[in-house]
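In: I'd like to go over a predicted model; first the sequence, then the structure.
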Amino acid sequence: MKPRNKYEKRVAELNATLSETISVSDANWYKKVSRKWDFGHAHFCYFTTSTNMQEFEVKRLYRGYKFTDKNTEHFFFVEIMRKFSDGNKVLYFGKQRTMGGYYDCFLYNSKMELREVHNNYAGYNITDLFSLSCASRSQTKGEQITCSSVNPKEIARVVCNNPVAENLYKTNDSLFYHLLYRTYLKETCRAITLAKRHGFKFTDDNAHLWLDMVYAIIKCGKDYHNPVYIAPKDLRATHDRFIRMMIRKQQEEEIIRKNQEAEKKAKRELEYQNMYDRQRSRFFGMVLAKGSLSISVLQSIEDFKRESEHFHNCVYSNEYWNMKTHPNSLIMVAYIAGNKAELIEVDLNTYQVRQSFGKYNQYTNYHDRIVRFLRRNMTTIRNYNENINTNLKIAV
């Protein structure tokens, strides 16, 4: 929140003079004393340092992260909050918290701004974080190191088990931060080493372009060790060339994938068509008719697809032709004077009309007539189902 009075504005000006750093001495102290602490799955613990600024005592709350890479421990530091106190009033400056019920989740790249002290719906407020501190000491002067403004877990993912990335991080090379959230990390780091060895100069302007190019090279299965590729004289032209190549390969892979899916779908539908024939072929010769009204059974999966498109319903997409999921469903179509009127589902267990709809699952003017006619002919449907005597007159 913004400072509202002279007192808050004055403290905000003092806060602005502090940078998010920690002294090397404090960092080494934390590394030493934290060896006996249980970091748990969160990989971090809180600690505080205190100093004086004019008449204020300033307590600075840090998160110290520890990640283990084989026999090596990696430490990262994030400054979370500051507490200004002059003996009468207390003001808190901190990073922005994320949405939700967690009171200790922060946006690492947010600014250290004045924060209002209030309880969230779980009853916690920002002052509770200081009580979580595992240790505290007076701030020491000397060489300072910059605290992380990126999620340390992402930094650890890149640094651990990757000496090239670790060296980039320790030398504060801006290229390191371009590697965050990248795939093919191991291959990319090898390419970086070779590119530098062959004289390629990385800058903030060309880093993303180069990394996109290397990603395309790897995806295309080309040699990312080749200096002609990874240390090009014309980066833009080489980048565009491999991007076009990658797009073509993706298009070819998409065609192959769709063909494979189509073959798999056709094979599956053939299997279920055979199952449908075994279960419903006894009804294929059944036609219920009276005057202009006639009703017949769908005989193939293709019929289900065609009728689903005509009536705009889910009889095909919900697989009413699947005898495993719909063993008691008999799907029929009703015609009036040769025109399709409604699609009907009869339950072969209860011999009831489960549903009968026209287009867009709406009743038609013929709905009552169709349902009454079907109910009068349920005996015929039962006899077809039980293979009793299908040479019966249709009830009119």
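Out: Done, it's in.

In: can you pull the buried residues of the helix or strand where Cys189 lies?
Out: Element membership for Cys189 (DSSP states H and E) is helix 185-197. For helix 185-197, burial by neighbour count (16 or more other CB atoms under 10 Å) applies to 185, 188-192, 194-195. Any C-beta I mention is one placed from the backbone N, CA and C, and that applies to glycine too.

In: For the protein, which segments count as helices?
Out: Remark: helices assigned in the chain by DSSP state H are 6-16, 24-33, 152-159, 163-170, 175-179, 185-197, 207-219, 227-230, 235-280, 301-311, 367-376, 378-386.

In: Format those as a markdown table; extra columns: mean pLDDT.
Out: Shown next, in a markdown table, are the helices of the chain (pLDDT from 0 to 100):
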| stretch | mean pLDDT |
| --- | --- |
| helix 6-16 | 90 |
| helix 24-33 | 90 |
| helix 152-159 | 90 |
| helix 163-170 | 90 |
| helix 175-179 | 90 |
| helix 185-197 | 93 |
| helix 207-219 | 94 |
| helix 227-230 | 93 |
| helix 235-280 | 94 |
| helix 301-311 | 94 |
| helix 367-376 | 94 |
| helix 378-386 | 91 |
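
In: can you redo those helices as TSV with distance to Phe93?
Out: What follows is those, written out as TSV (distance: least, CB to CB, whole Å):
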stretch	distance to Phe93
helix 6-16	5
helix 24-33	19
helix 152-159	21
helix 163-170	28
helix 175-179	25
helix 185-197	36
helix 207-219	33
helix 227-230	45
helix 235-280	43
helix 301-311	62
helix 367-376	70
helix 378-386	78
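
In: what's around Leu129, how many residues?
Out: A count of neighbours around Leu129, defined by other CB atoms under 10 Å, yields 21.

In: And for Asp347?
Out: Here the number of neighbours of Asp347 (other CB under 10 Å) works out to 13.

In: Could I get the pLDDT score of the nearest residue to it once chain neighbours are set aside?
Out: Spatial nearest neighbour of Asp347, chain neighbours left out: Arg354 (4.9 Å); criterion: CB to CB, 6 or more residues apart in numbering. On pLDDT, Arg354 comes in at 94.

In: you'd agree Arg354 is up against Ile331?
Out: No. Here Arg354 lies out of contact with Ile331, judged by CB atoms under 8 Å, at a distance of 10.0 Å.

In: joint contacts of the two?
Out: Shared contacts of Arg354 and Ile331 (CB atoms under 8 Å, 6 or more residues apart in numbering): Glu345.

In: Tell me which of those two has more neighbours.
Out: When Arg354 and Ile331 are compared for neighbours, Ile331 comes out ahead with 20 against 12, by other CB under 10 Å.

In: Which strand residues bridge the more buried one?
Out: Judged by DSSP bridges, the bridge partners of Ile331 are Glu345.

In: Mind listing the residues bridging to Ile295?
Out: Leu288, Ala334.

In: how far away is it from Val333?
Out: As for Ile295, its distance to Val333 is 7 Å (criterion: CB to CB, to the nearest Å).

In: From Phe176, how far off is the closest residue to Met81 other than its chain neighbours?
Out: Spatially, and ignoring its direct neighbours in sequence, Met81 is nearest to Gly94 (3.7 Å; CB to CB, 6+ apart). Using CB to CB, Gly94 is found at 27 Å from Phe176.
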